[in-house]
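J.: Next come a sequence and a model predicted from it.
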Amino acid sequence: MSKRTIPSSELIINDDGTVFHLHLKPGQIADTVILVGDPARVELIASRFDERECRAANREFITVTGRYRGKRMSVLSTGIGVGNIDISVTELDALANIDFGTRTVKECLHRLTLVRLGTSGALQPDIELGDVVFSRTSVGFDGLLNYYRGRNDVCDLDIERAFMEHTGWSDLLPKPYFVDASPELRDLFADTTTEGITIAAPGFYAPQGRWVRLQPADGDLNAKIESFRYGGRRITNFEMEGSALAGLAALMGHRAATLCTIIAQRVSRDADTDYRPYVERMIDMALDKLASVAGDD
């Protein structure tokens, strides 16, 4: 059976040989990639590198590849939202697993480690500002993974059904999906994080139950989310990207996880806008953990 040749309209390669959005060439990303939303956070992380190898920038996508304690790593900013995760993860995978010359999938697939470091709002009263939550399971309110074949193969369908029944899920909303993080990464961060189930919402306001001038369609949805229990587990926090990262990585065979610093307490309605010290503490912890893992490039 002949290999499929990927048309130029499906995977756009720029004239300089870089992939369309990220403006990176194969070989310019490390096996371990840290994903952040804020482009300014790239420099915050890269400033800790012992050496820098390359930098690429296009729109909100900024990448620096270098070494931290001898381990090669890349840090990439994705901007806000699952749509940008769809772009970032697909193009990172292409850089690792597509032969740009022949436009075919390589015979031997390369496995990446993708770790998102973000910020988040807590949905349980005992989770405090500054805590770091490891998303053992990411929940997609965005619907993105539903567009990909094999979606059910990487999702926990039992908890999905229980959640939809508990919340009386509206048929006007995208069907939620539940995807687990990499077990290896879960073990790596177990002693420095709080384990949780994290919802990735497709917006910051009504999709997370916020009411500024436009009222959410279901004003009780957050209360239903907070009271949901499954196998002794509960939903811990809101953010906006982790579900697509977990889902796409699972479908592609990569290791992925999301860690978020809590900067808002949605139950007590408290927030801290001076959260940089919390984020820096998470960054230092994550870099040290990732550098301790043997292997990769």
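T.: Right, received. Where do you want to start? Predicted, not measured: the structure shown is a model, and the values here were computed from it.
J.: Run through the residues that contact the closest residue in space to residue 112 that isn't next to it in sequence.
T.: Distances taken as C-beta to C-beta, 6 or more residues apart in numbering place residue 254 nearest to residue 112, at 4.5 Å, with adjacent residues excluded. C-beta here means a position set from N, CA and C on the backbone, and glycine is covered the same way. Neighbour list for residue 254: 89, 93, 111, 112, 113, 114 [criterion: C-beta atoms under 8 Å, 6 or more residues apart in numbering].
J.: measure residue 254 to residue 194 for me?
T.: 24 Å (C-beta to C-beta, to the nearest Å).
J.: What about residue 138, how many residues nearby?
T.: Residue 138 is flanked by 29 other residues according to other C-beta atoms under 10 Å.
J.: so who does it touch?
T.: Applying C-beta under 8 Å, 6+ apart, the residues near residue 138 are 178-181, 197-200, 242-243, 245-247, 258.
J.: Now do the helices for the stretch 101-250 of the chain: every range, in order, please.
T.: 157-167, 183-188, 221-227, 242-252 (DSSP state H, counting those that start in this stretch).
J.: what's the first one packed up against?
T.: Pointing back at helix 157-167 there. The contact analysis (3 or more C-beta pairs under 8 Å, 6 or more residues apart in numbering; DSSP states H and E) places helix 157-167 against strand 177-180, helix 221-227, strand 229-230.
J.: How about the third one?
T.: Counting contacts by 3+ C-beta pairs under 8 Å, 6+ apart, the secondary-structure elements packed against helix 221-227 are helix 157-167, strand 233-239.
J.: now the angle from the last one to helix 157-167?
T.: Taking axes from the mean of the first three to the mean of the last three C-alpha atoms, to 10 degrees, strand 233-239 and helix 157-167 form an angle of 80 degrees between their directions.
J.: Would you mark the buried spots in strand 233-239?
T.: Within strand 233-239, the residues that count as buried by 16 or more other C-beta atoms under 10 Å are 235, 236, 237, 238, 239.
J.: Is it possible to get a markdown table of those that adds distance to residue 166?
T.: Shown next, in a markdown table, are those (distance: C-beta to C-beta, whole Å):
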| residue | distance to residue 166 |
| --- | --- |
| 235 | 10 |
| 236 | 16 |
| 237 | 18 |
| 238 | 17 |
| 239 | 21 |
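J.: Can you tell me which of those residues lies closest to residue 59?
T.: Taking C-beta to C-beta as the measure, residue 239 is the one of the buried residues of strand 233-239 closest to residue 59, at 21.1 Å.
J.: Show me what the closest residue to residue 237 other than its chain neighbours bridges to in the sheet.
T.: Using C-beta to C-beta, 6+ apart and skipping the chain neighbours, the partner closest in space to residue 237 is residue 120 (4.4 Å). Under the criterion DSSP bridges, residue 120 forms beta bridges with residue 262.
J.: do the same with residue 98
T.: Residue 98 has these beta-bridge partners by DSSP bridges: residue 105.
J.: what's the pLDDT at it?
T.: On pLDDT, residue 98 comes in at 98.
J.: Leaving out chain neighbours, which residue sits closest to the residue nearest in space to the middle of the chain?
T.: Nearest to the geometric centre of the chain sits residue 242, at 3.5 Å (C-alpha atoms, centre = their mean). Spatial nearest neighbour of residue 242, excluding adjacent residues (C-beta to C-beta, 6+ apart): residue 258 at 3.5 Å.
J.: tell me how far whichever strand or helix holds that neighbour is from the chain's mean position?
T.: Residue 258 is part of strand 255-265 when elements are defined by DSSP states H and E. Offset of strand 255-265 from its chain centre (C-alpha atoms, centre = their mean, to the nearest Å): 9 Å.
J.: What helices and strands are in contact with it?
T.: strand 113-122, strand 132-140, helix 183-188, strand 233-239, helix 242-252, strand 270-271, helix 276-291.
J.: Can you pull out the low-pLDDT segments for this protein?
T.: Under the criterion pLDDT under 70, the flagged ranges of the chain are 1, 295-297.
J.: Straight-line length of stretch 140-159, end to end?
T.: Terminal residues of stretch 140-159 are spaced 13 Å apart (C-alpha to C-alpha, to the nearest Å).
J.: Also stretch 141-157?
T.: 15 Å.
J.: buried stuff in it?
T.: Buried residues in stretch 141-157 (16+ other C-beta under 10 Å): 141, 142, 143, 144, 145, 151, 154, 155, 156.
J.: Can you list the neighbours in contact with it?
T.: The contact list for stretch 141-157 (C-beta under 8 Å, 6+ apart) reads 82-83, 85-86, 137, 173-180, 199-202, 207, 243-244, 247-248, 250-251.
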